[in-house]
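1. Fold the following and give me the result.
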Amino acid sequence: MPKRILTGTVTSDKTDKTVTVLVERKVKHPLYGKIIRRSKKYHAHDEANEYVIGDEVRIEETKPVSKTKTWKVIDRVKASRGEEVEADLEVEAATPGN
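-> Here you go, the predicted structure:
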């Protein structure tokens with residue numbers, strides 16, 4: 001049986017070697033016919049802790065890694081828009097009258 005591959009967005013990277021991936025799909029409502037979005041979160045194995053929040057990634061089904069992890073991250077489709085940068089600003093107080 002082939003392994004399923006899904007595409008989603010990383011929503012959390014706080015745990016070690018694990019990312020939470022939100023996968024959205026669009027389905028047609030059975031009665032009204034309107035297209036609605038359905039979403040589900042998966043825990044995926046990230047060995048090197050290289051994926052950050054906002055990255056769009058592909059995940060593949062694997063044998064269970066832990067109680068909740070049965071997926072692993074294959075690759076990054078699109079990087080997140082913003083990188084977290086630590087600002088090193090030193091503001092000097094202006095002395096009045098000098």
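
2. Okay, strands next: where are they in the chain?
-> Using DSSP state E, the strands of the chain run over 5-12, 18-28, 35-45, 56-61, 71-78.

3. now for these, which one comes closest to residue 95?
-> With CB to CB as the criterion, residue 95 lies closest to strand 5-12 of the strands of the chain, at 46.6 Å. For the C-beta atoms, the positions are set from N, CA and C on the backbone; glycine is no exception.

4. and stretch 45-64, which residues are buried?
-> Using 16 or more other CB atoms under 10 Å as the burial criterion, the residues of stretch 45-64 that qualify are 45-46, 51, 55, 57, 59.

5. OK, contacts around residue 8?
-> Contacts of residue 8 were listed using CB atoms under 8 Å, 6 or more residues apart in numbering, and they are 21-24, 42, 56-57, 59.

6. now those residues in TSV, with pLDDT and distance to residue 7?
-> Listed next are the contacts of residue 8 as TSV, based on pLDDT from 0 to 100; distance: CB to CB, whole Å:
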residue	pLDDT	distance to residue 7
21	97	9
22	97	11
23	97	7
24	97	9
42	97	11
56	95	7
57	96	7
59	96	8
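
7. in the chain, which ranges drop under the pLDDT threshold?
-> Counting by pLDDT under 70, the ranges of the chain that qualify are 82-89, 91-94, 97-98.

8. Would you check which pair of the buried residues of stretch 45-64 lies furthest apart?
-> Pairwise distances across these peak at 14.9 Å for 45 and 55 (criterion: CB to CB).
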